[in-house]
Every structure is written in structure tokens, then in C-alpha cells.
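**Student:** all I have is the shape, not the residue letters:
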């Protein structure tokens with residue numbers, strides 16, 4: 001299981017200037033408390049996923065901005081625990097919560113069962129993301145794609161590939177010139193997708 005030191009090491013906030021270092025400490029504490037006890041369908045501790053997303057942002061996409069790395073760490077926080085919103089707001093501010101809300105499916109925020117129309121609503125929400133939030137979501141897709149073979153759900157691959165071809169890949173291509181990290185994210189995601197398709201034939 002990923003522990004707090006591992007999260008700290010991946011964020012690298014010990015090298016950040018204050019007050020970013022303090023935000024890193026608070027974000028690590030929040031991530032540990034929010035994700036603890038939750039398990040992915042692959043059977044692994046949930047926190048391993050956001051930590052890998054941070055690693056992708058930092059090591060593969062060239063992200064060094066502390067707030068963006070913290071956003072990567074907590075990108076699924078409201079999806080896992082919508083009730084944590086007030087705690088996140090008091091520790092990291094209202095603007096950070098607003099950004100998280102734009103990245104979280106509405107049915108999760110509203111704590112209700114997913115309805116058929118929520119699929120289209122979510123894809124519309126993804127298309128409306130700002131560049132930084134989209135970058136985190138693409139890093140999330142990269143990690144999920146790499147981990148897809150470990151999922152026991154037989155229909156997950158088809159649903160995941162559908163969402164990639166329908167929304168994420170076209171959007172990544174459309175916005176790949178916005179920034180260097182978005183360009184790299186598009187290239188990595190497209191390469192991983194192509195490899196998965198070839199492997200699944």
C-alpha cells in the first residue's frame with residue numbers, strides 16, 4: 001500500500017518554496033485520509049492510482065507547477081468522497097474545490113445513482129475543461145489505460161475504449177498545441193491506445 005512518505009516523495013514538495021510546501025503537506029494529509037480504505041476494481045489500494053498520475057504529470061509530461069501536481073493527487077477526491085469537499089476547501093481554498101468539481105461527474109457530486117444521460121453529461125463536462133484540468137484528466141486516462149488489463153470487469157475495456165475514441169483522443173488532438181505538456185500527453189495517450197488495440201487483436 002502506498003504510504004504518506006511515498007506520496008511525499010512523488011509530489012516532491014520538500015523542494016518547493018513556502019507556502020507551496022505547506023500546501024503539499026496539507027494535500028498529502030488530505031489524500032491519505034480521503035483515499036484510505038478504498039480499493040480499485042483491480043484490488044489495489046486506490047491511492048496508488050493518483051500517486052501514479054502525479055508521477056506521469058511530473059516525469060513524463062514535464063509538469064512542475066505545485067498546484068497542478070496537487071490537483072493530480074486529489075483529482076478523484078470528490079468522486080471517492082463528496083463529503084470531503086468542505087475539508088478540502090478549508091485546507092486548499094475555494095478555487096481548488098471549484099477546479100475539482102469541474103473534473104468530477106455530476107452524479108458523484110450529487111451522491112446519486114448514475115443515470116443513462118450522465119454519460120453524455122460527463123463527456124460534455126470533459127470537453128469544457130480548462131487546459132490544466134484536461135491535462136490531469138489525460139494523465140488519469142494514461143494510467144487507467146496502462147492498468148486496464150488488471151481489471152476483472154469484462155466490459156470495462158469496451159467502455160474505456162469507447163470513451164477514449166469518442167472524447168479524450170479527439171480532445172487531446174484538438175488541444176495538443178495549447179502547451180508542451182498537452183502535446184506530450186496526446187502523444188503518450190495515442191501511443192498507449194494504439195499498443196492496446198494491437199495487443200487486443
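**Tutor:** Good, I have the coordinates. The structure presented is a predicted model; accordingly, all values stated were derived computationally and were not measured.
**Student:** may I see the buried residues of the host helix or strand of residue 161?
**Tutor:** Element membership of residue 161, judged by DSSP states H and E, is helix 156-163. For helix 156-163, burial by neighbour count (16 or more other CB atoms under 10 Å) applies to 160, 161, 163. Where you see a C-beta, it was placed from the backbone N, CA and C, and this is true even at glycine.
**Student:** wait, what's in contact with the closest residue to the last one other than its chain neighbours?
**Tutor:** To tie it back to what came earlier, the one meant is residue 163. Using CB to CB, 6 or more residues apart in numbering and skipping residues adjacent in sequence, the residue nearest residue 163 is residue 123, 7.3 Å away. Shown in contact with residue 123 (CB atoms under 8 Å, 6 or more residues apart in numbering): 163, 166, 167.
**Student:** hmm, residue 148 and residue 160 touching each other?
**Tutor:** Yes - Residue 160 is within contact range of residue 148, at 6.1 Å (criterion: CB atoms under 8 Å).
**Student:** could you pull up phi and psi at residue 103?
**Tutor:** phi -100, psi 10 (degrees, to the nearest 10).
**Student:** give the next helix or strand downstream of the helix holding residue 161.
**Tutor:** Downstream of helix 156-163, the next assigned helix or strand under DSSP H and E is helix 169-174.
**Student:** name the helices or strands packed onto the helix or strand following that next one?
**Tutor:** Sequence order places helix 180-200 as the next helix or strand after helix 169-174, per DSSP H and E. If you count contacts as 3 or more CB pairs under 8 Å, 6 or more residues apart in numbering; DSSP states H and E, helix 180-200 packs onto helix 131-147, helix 156-163, helix 169-174.
**Student:** return the distance of the shortest one from the chain's centre.
**Tutor:** I take that to be helix 169-174. On the basis of CA atoms, centre = their mean, to the nearest Å, helix 169-174 sits 17 Å off its chain's mean C-alpha point.
**Student:** avg pLDDT for that helix?
**Tutor:** Averaged across helix 169-174, the pLDDT comes to 97.
**Student:** and for stretch 85-97?
**Tutor:** For stretch 85-97, the per-residue pLDDT averages 98.
**Student:** state the mean pLDDT of stretch 16-34.
**Tutor:** For stretch 16-34, the mean confidence score works out to 95.
**Student:** so how far is it off the chain centroid?
**Tutor:** 17 Å.
**Student:** flag every buried residue along that stretch.
**Tutor:** Within stretch 16-34, judged by 16+ other CB under 10 Å, the buried ones are 16, 20, 23, 24, 25, 26, 27, 28, 30, 31, 34.
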